[in-house]
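# generate a structure from the sequence data that follows.
(one chain, ligands or ions: 1)
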Amino acid sequence: MYIQVPNIVPLDNILPDEPLLMMGAGPVPIPAKVASANSIVINHLGNTMAQIIEQVKAMAKYVFQTESQHILGVAGPGSAAMEMAVVNLVQPGDKVLSISNGFFSSRLADMAKRADADVHVYQVPNGEYADVSAVRALLEQHQPKVLTIVQGETSNTVYNRSLPEICQLAKAHNCLVIVDAVCTLSTMPLEMDKWNIDAVITGGQKGLSSIPGVSLVAFSDLAWQVISERQDTLRHWCLDAKLADQFWYKKSYHYTAPVSGILALHEALRLVCNETLPKRFERHLICSLALQASIEAMGLSLYVPQQARLNSVVGINVPAELNAMELLNFMSATYKVEISGSFGPNIVRIGQMGEQSRAHNLFRTVHAFGSSMKALGVNVDLPNGVAVLESQLQQLSKQIRG
Ligand SMILES: Cc1ncc(COP(=O)(O)O)c(C=O)c1O
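Okay, the predicted model is just below:
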């Protein structure tokens, strides 16, 4: 007797008639070129794939701003790339200093603990960015081999603006630096080589506007030396960087690569290169600042003070009279626009990553957000929010683009 065939509803009856506009903390909308590349399957070890891998690495060098010859793709979420960086650089007993601003940066600490490291966590006070002098003192006190830090903490929308100074300090203490740039890469400056970063991690589904599930990690020469000199056998087989190097640099087999996802990533990186980083950073900055001004002009407040505020994901305080989940559900059902709740603080989050940072998406989101709030009994000034969005987009474009 076989187990019975389940009663399955076809996808067409589950998915909405028109795609929702994904304006939350990721995944984000993907361009048509990325979507179409993602529908192709090719031989993962053939010449076509080899050429694509060469291009992905060349474009990733530009996007990470590095000359590294150790850029690896990971078949997995951003967390898999985080774990790849941690387990390859951290050996049991190693001292690790983990700077924690929230949910994702503490995940790096957790991963280091699971790798049997001796982890000291610097818990940054809520709503603040990591303090350089506190990091200096901790480096002197603990002499860690590895420091972990997030550039943008998506969970509570905090931005570690002193990242370059912290990397420089770590270098002066012979400490390797792992940076989580999952939500920030290609939305704001990050210069891997200039800032002396030893491992940069990113996912596909945020700034790059690709699909979730294929991620990248770039190791510096120094990091690669540490990895190459390791004598022990890594407990993780899929995440072993030396094995992954077989596929990414030696045209050989590690595991069957996620070919469609890599093709999608290729297109996403190509679009970043076509746009160029300076123009992309300007676009993100203009859109995010205009959105922030628009939200405030509606009469709402932002969660993080300006000096520590992340532009890639904007956190908005939920008025006391409103239930965040109700707002998200109403917006999605009525206006087909999705934004995110949060892992902790009573905020909702609107993403400004990749395709989210387009004026037409902003107007639709601000309208959906304000109208939903009003429908649920919150007295926001939506016309003012829309007017300020328009005027700020104009003004900031002049100011920033000149
Ligand atoms: C800053 C940051 N780091 C890491 C991750 C983990 O990425 P993933 O969910 O793809 O594992 C996320 C995802 O939201 C993130 O925003």
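# would you mind listing what in the chain touches the ligand?
Contact residues (Cβ under 6 Å from any ligand atom) of the chain with the ligand: 25-26, 77-79, 104, 150, 154, 180, 182-183, 203, 212. Placement of C-beta: from N, CA and C, glycine included.
# can you pick out the most distant pair from those residues?
Maximum pairwise distance among these (Cβ to Cβ): 18.1 Å, between 150 and 212.
# who has more neighbours, those two?
residue 150 (33 against 17; other Cβ atoms under 10 Å).
# my read: residue 162 touches residue 124, true?
No: using Cβ atoms under 8 Å, residue 162 is not in contact with residue 124; the gap is 10.7 Å.
# report the distance from the helix or strand in which residue 138 is found to the chain centre.
If you go by DSSP states H and E, residue 138 is part of helix 132-142. Between the centre of helix 132-142 and the centre of its host chain there is 26 Å, according to Cα atoms, centre = their mean, to the nearest Å.
# between residue 162 and residue 124, which one's more packed in?
Applying other Cβ under 10 Å to residue 162 and residue 124 shows that residue 124 carries more neighbours, namely 22 against 17.
# run through the residues that contact that one.
Applying Cβ atoms under 8 Å, 6 or more residues apart in numbering, we find residue 124 in contact with 99, 100, 101, 130, 131, 158.
# switch the cut-off to 7 Å
Applying Cβ atoms under 7 Å, 6 or more residues apart in numbering to residue 124 gives the contacts 99, 100, 101, 130.
# a strand runs through residue 231, doesn't it?
No: counting by DSSP: H, G, I helix; E, B strand; the rest coil, residue 231 is not part of a strand but coil.
# and it, how close does it get to residue 87?
15 Å (Cβ to Cβ, to the nearest Å).
# any residues in contact with both of residue 162 and residue 124?
residue 130.
# beta-bridge partners for the residue of the stretch 251-400 of the chain found nearest the ligand, please?
Going by Cβ to the nearest ligand atom, the ligand is nearest to residue 313 of the stretch 251-400 of the chain, at 7.7 Å. Taking DSSP bridges as the rule, residue 313 bridges to residue 351.
# the one 4 residues further on now?
With DSSP bridges as the criterion, the beta-bridge partners of residue 317 are residue 347.
# can you count the residues close to it?
Neighbour count of residue 317, defined by other Cβ under 10 Å: 14.
# any idea how far it is from residue 347?
Distance from residue 317 to residue 347, by Cβ to Cβ: 6 Å.
# can you list residues touching both of these two?
Joint contacts of residue 317 and residue 347 (Cβ under 7 Å, 6+ apart) are residue 303.
# hang on, the earlier thing: return the subset of the residues of the chain next to the ligand lying in helices.
When DSSP state H is applied, the residues of the chain next to the ligand are split such that 78, 79, 104 fall in helices.
# how about the strands of the stretch 151-300 of the chain, start to end?
In the stretch 151-300 of the chain, the segments counted as strands under DSSP state E, counting those that start in this stretch are 152-153, 158-159, 176-180, 199-202, 214-219.
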